[in-house]
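**Student:** Sequence and predicted model, in that order:
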Amino acid sequence: MKAIQIVKPGSPPELREVDKPTPGPGQVLLKVTAAGACHSDDFVLNMPAEGFPYPLPMTLGHEGAGVVAEIGSGVTSLTEGTAVAVYGPWGCGTCHFCSRGFENYCSRAAELGITPPGLGNEGAMADYMIVDDARHLVPLGDLDPIAAVPLTDAGLTPYHAIKPSLPKLVGGTTAVVIGAGGLGHIGIQLLRHLTPARIIALDLSEDKLAFAREVGAHETVLSDADAVANVRKITENVGATAVFDFVGLQPTIDTAMGIVGTLGDVVIVGIGDGVAAAKVGFFTQPYEVSVRAPYWGARHELIEVLDLARDGVLEVAVEKFSLDDGLEAYRRLASNELRGRAVVVPD
Ligand SMILES: NC(=O)c1ccc[n+]([C@@H]2O[C@H](COP(=O)([O-])OP(=O)(O)OC[C@H]3O[C@@H](n4cnc5c(N)ncnc54)[C@H](O)[C@@H]3O)[C@@H](O)[C@H]2O)c1
Ligand SMILES: [Zn+2]
């Protein structure tokens, strides 16, 4: 079978022939129906070779959907042919966080497609993939796997990031989304559906800003040196009640800190290596700002996001690629050329 793999850190991924895996006890083999390409894959591809934390070569892809093709011994809860999506953060299942459903915060977690050595899980960018435990599968029902697969990360992560800010995002407040890409364009739709807040989206080009308005942003602002002043002007200097940074570079985090208002949240989702400088202390405005850096989401939240898609609330913009063209998907992702999510669909 074919797989898109990271072979050499700092180099583009490669399309390679690999052995079709066999499910071990408790495992499930999926015939992959769709796999989403995430900017985090690009982050992993560009990690330094020295001290690279994952086994090489490694199949990419932590957004996966498929059809159950083969069941390992001991799995009784599944039948072959069932359409499923994969809940990617694979926790231990028993610790404090896992028992509350937040496997994304399990300290012993192994993640699909981004797994430390010894845990042996490959990603979804392949004809077939192994899922470590039937517990990580969520039924897709009649959802289209191509449109639904981005929800396992590009939908789940913004949902998990936005939820704690919902009580603050009442009428008359402003929410800002920085980066209207895979995660951001779903984040905008979630904010539109879940809050009455005015949504301002920031990105690098007029084309991306037009896309942000298409998916529901009320206003858009170019992400440049004037962005802080321009957003503050729109909010009549009150500032934003929540800023979701889906880029995470130092300039965008600085923008976020510059536009957040009193009682506001700065939520850093992008993995850009930026950090938020503390502006905490008496007589320091804005007052009572919270900064969070959430990671992925809980299993029950994935089910909630899939239900929102079933209700027609979320429309994922997808650019479709075959496995043979998957390298082009990663090229477009790295150069910010995509509209929405790149989804690879094996034959
Ligand atoms: N925290 C988490 O759990 C989690 C999960 C998934 C992805 N991520 C990270 O979130 C980020 C977004 O991922 P994605 O897959 O949506 O990426 P993407 O490439 O689809 O989207 C990124 C968007 O940001 C825009 N952008 C880039 N630089 C910008 C800047 N300086 N100002 C404004 N906009 C800018 C791009 O034009 C693009 O539209 C990545 O850093 C990714 O690694 C984090
Ligand atoms: Zn991701």
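**Tutor:** Yep, that arrived. Ligands and ions are numbered 1, 2, ... in the order given.
**Student:** switch to C-alpha atoms for all contacts and neighbour counts from now on
**Tutor:** Will do.
**Student:** Next, count neighbours for residue 302.
**Tutor:** By the criterion of other C-alpha atoms under 10 Å, residue 302 has 24 neighbours.
**Student:** Report how many residues lie close to the nearest residue to it once chain neighbours are set aside.
**Tutor:** With C-alpha to C-alpha, 6 or more residues apart in numbering as the criterion, residue 302 has its nearest non-adjacent residue at 5.5 Å, and that residue is residue 156. Close neighbours of residue 156, defined as other C-alpha under 10 Å, add up to 28.
**Student:** Residue 156 contacts residue 300, correct?
**Tutor:** No: the criterion here is C-alpha atoms under 8 Å, and residue 156 misses it with residue 300 at 9.8 Å.
**Student:** residue contacts, residue 38?
**Tutor:** Applying C-alpha atoms under 8 Å, 6 or more residues apart in numbering to residue 38 gives the contacts 61-63, 154, 182, 333, 341-342.
**Student:** Which of those sits closest to residue 44?
**Tutor:** The closest of those to residue 44 turns out to be residue 61 (C-alpha to C-alpha; 10.8 Å).
**Student:** quick one: contacts for the closest one?
**Tutor:** Per C-alpha under 8 Å, 6+ apart, neighbours of residue 61: 35-38, 41, 112-113, 123-125.
**Student:** Please state the backbone phi and psi of it?
**Tutor:** phi 110, psi 110 (degrees, to the nearest 10).
**Student:** How much space separates it from residue 168?
**Tutor:** 34 Å (C-alpha to C-alpha, to the nearest Å).
**Student:** With residue 19 instead?
**Tutor:** In terms of C-alpha to C-alpha, residue 19 sits 51 Å off from residue 168.
**Student:** neighbour-wise, which of these two wins?
**Tutor:** Applying other C-alpha under 10 Å to residue 19 and residue 168 shows that residue 168 carries more neighbours, namely 17 against 10.
**Student:** what's the closest non-adjacent residue to whichever residue of the stretch 201-347 of the chain sits closest to ligand 2?
**Tutor:** Sorted by distance to ligand 2 under C-alpha to the ion, the residues of the stretch 201-347 of the chain start with residue 296, at 7.7 Å. The spatially closest residue to residue 296, leaving aside those adjacent along the chain, is residue 157, at 4.4 Å (C-alpha to C-alpha, 6+ apart).
**Student:** Helix or strand: which one has that neighbour?
**Tutor:** Residue 157 belongs to helix 156-162 when assigned by DSSP states H and E.
**Student:** Give me the distance between the residue of the stretch 1-150 of the chain found nearest ligand 1 and residue 253.
**Tutor:** Nearest residue of the stretch 1-150 of the chain to ligand 1, counting by C-alpha to the nearest ligand atom: residue 40, 3.4 Å away. To residue 253, residue 40 is 17 Å away according to C-alpha to C-alpha.
**Student:** Compare those two (neighbour count), which wins?
**Tutor:** Neighbour totals were compared for residue 40 and residue 253, and residue 253 leads with 27 against 15 (other C-alpha under 10 Å).
**Student:** right, and the more buried one touches residue 276 too?
**Tutor:** Yes: under the criterion of C-alpha under 8 Å, residue 253 makes contact with residue 276 at 6.1 Å.
**Student:** Run the contact check for stretch 64-84 versus ligand 1.
**Tutor:** No: using C-alpha under 6 Å from any ligand atom, stretch 64-84 never reaches ligand 1; the gap is at least 13.6 Å.
**Student:** tell me how far the ends of that stretch are from each other?
**Tutor:** Stretch 64-84: ends 9 Å apart by C-alpha to C-alpha.
**Student:** Thank you, goodbye.
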